[in-house]
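Engineer: Test case, fold it:
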Amino acid sequence: MSTNDRELLEMAAKACGIGALSFSGACPLNPFPGRLQMFWNPLNEDGDALRLLRTTDYGLLVEDGTVKIMNSMRECVIFVNIKGDDEMSVIRRAITEAAAEKGRRMP
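Structural biologist: Residues are numbered from 1 along each chain as shown. As a prediction, the model looks like this:
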């Protein structure tokens, strides 16, 4: 995992009220109690990304080859063109980036 991805995950975790993440090797350990999955990585896991989206109170719209992440006032926070890439990978990254940006703005 790159340093940028690690920072992205740390800021995304901060946005949903999780303190510092614990890492086992390159993977962050699951910060949500009661989950069976040992590692948490919304960049790679659809379920983790959707839980992150819900926890940060953002909305998701995928249409016409674009991904839009919107805040509760329906303002676009992230807009990404899919451009033939793996759609789910682009969606997970957009969710994580939006959450990370929210985390960076928090005290």
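
Engineer: where in the protein is pLDDT low?
Structural biologist: 1-3, 19-38 (pLDDT under 70).

Engineer: Check it for its longest helix and report it.
Structural biologist: In the chain, assigned by DSSP state H, the helix with the most residues is helix 87-105.

Engineer: just checking, what packs against that helix?
Structural biologist: Counting contacts by 3 or more C-beta pairs under 8 Å, 6 or more residues apart in numbering; DSSP states H and E, helix 87-105 packs against helix 3-15, helix 46-55, strand 59-63, strand 66-70, strand 76-81. Bear in mind the C-beta positions are built from the backbone N, C-alpha and C, glycine included.

Engineer: quick one, what contacts the spatially most central residue of the chain?
Structural biologist: Against the mean C-alpha coordinate of the chain, by C-alpha atoms, centre = their mean, the closest residue is residue 96 at 2.1 Å. If you count contacts by C-beta atoms under 8 Å, 6 or more residues apart in numbering, residue 96 has them with 8, 9, 12, 42, 43, 49, 52.

Engineer: hang on, the fifth one packs against residue 8?
Structural biologist: Just to be clear, that refers to residue 43. Yes: if you go by C-beta atoms under 8 Å, residue 43 and residue 8 touch, sitting 7.3 Å apart.
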